[in-house]
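**Q** Any chance you can model this:
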Amino acid sequence: MDQHITLPITEKIAEKLTSGDYVYLSGEMYVARDAAHKRMMEVLDRGEELPIDIKDATIYYMGPSPAREGRPIGSAGPTTASRMDKYAPRLLDLGEKAMIGKGKRTKEVLDAVVRNHAVYFAAVGGAGALLSKCITASEVVCYDDLGAEAIRKITVENFPVIVVADCHGNNLYETAILDYKKDI
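**A** Numbers count the residues shown, from 1 in each chain. Alright, predicted model coming up:
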């Protein structure tokens with residue numbers, strides 16, 4: 001089913017999403033990759049506040065290329081999500097509601113998605129130039145010294161994603177394989 005959602009994703013919204021749904025996101029989300037996630041864990045380990053509001057946040061695992069003239073951002077394709085797996089459960093437990101990346105997640109992340117009534121979306125890998133057209137604004141909000149790995153706040157309009165793991169325990173990567181095997 002196609003759904004158009006205005007961010008932020010709340011628990012109520014997450015509960016209505018089902019693995020396999022096509023979703024078009026509009027609103028503000030954060031962008032962070034490995035180095036930014038590692039730094040956020042270090043901040044939490046010191047007992048300090050995160051530099052972003054994690055409650056109901058959506059984090060897109062992406063490292064943008066430099067913006068072309070007249071555009072807010074360059075190519076904006078997803079990063080392999082498993083690189084954030086050691087950090088994601090903690091952020092989900094703190095209130096993060098959605099993650100966007102590509103590829104499979106660990107059992108610990110999937111369990112945290114269910115436990116926290118969250119969602120894992122996939123964006124199409126290799127389509128960074130097309131995805132960047134859905135981004136209308138981009139600004140670095142912290143960790144500027146990390147360059148492309150700095151945390152950004154972006155504004156998106158009809159950003160296309162697919163629900164991979166929903167808060168009901170469904171995982172498109174598992175069910176799609178089973179459906180495929182039934183057909184052969």
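**Q** residues near the closest residue to residue 97 other than its chain neighbours, how many?
**A** Among residues not flanking residue 97 along the chain, residue 9 sits closest, at 4.3 Å (C-beta to C-beta, 6 or more residues apart in numbering). To be clear about C-beta, it is placed using only N, CA and C from the backbone, and glycine gets the same treatment. If you count neighbours by other C-beta atoms under 10 Å, residue 9 ends up with 24.
**Q** got it, and residue 86?
**A** 15.
**Q** measure it to residue 145 for me?
**A** 22 Å (C-beta to C-beta, to the nearest Å).
**Q** now swap in residue 153 and tell me
**A** Relative to residue 145, and taking C-beta to C-beta, residue 153 is found at 17 Å.
**Q** Next: residue 57.
**A** Taking C-beta to C-beta, one finds residue 57 at 22 Å from residue 145.
**Q** ok, these two, which is more surrounded?
**A** Each of residue 57 and residue 145 has its neighbours counted (other C-beta under 10 Å); residue 57 has more, 23 against 9.
**Q** Could you pull up phi and psi at that one?
**A** Here is the backbone geometry of residue 57 (degrees, to the nearest 10): phi -80, psi 150.
**Q** show me the biggest strand of the protein in terms of residues.
**A** strand 151-165 (DSSP state E).
**Q** Next, the buried residues of that strand.
**A** By 16 or more other C-beta atoms under 10 Å, the buried positions in strand 151-165 come out as 151-156, 159-165.
**Q** How far off centre is that strand?
**A** On the basis of C-alpha atoms, centre = their mean, to the nearest Å, strand 151-165 sits 7 Å off its chain's mean C-alpha point.
**Q** can you check stretch 143-160 too?
**A** 11 Å.
**Q** Check the separation of the first and last residues in it.
**A** Chord length of stretch 143-160, first to last residue, is 27 Å (C-alpha to C-alpha, to the nearest Å).
**Q** Show me the contact partners of it.
**A** 4, 7, 22-36, 39, 51-52, 60, 63-65, 72-73, 123-124, 131, 134-142 (C-beta atoms under 8 Å, 6 or more residues apart in numbering).
**Q** Cool, thanks, signing off.
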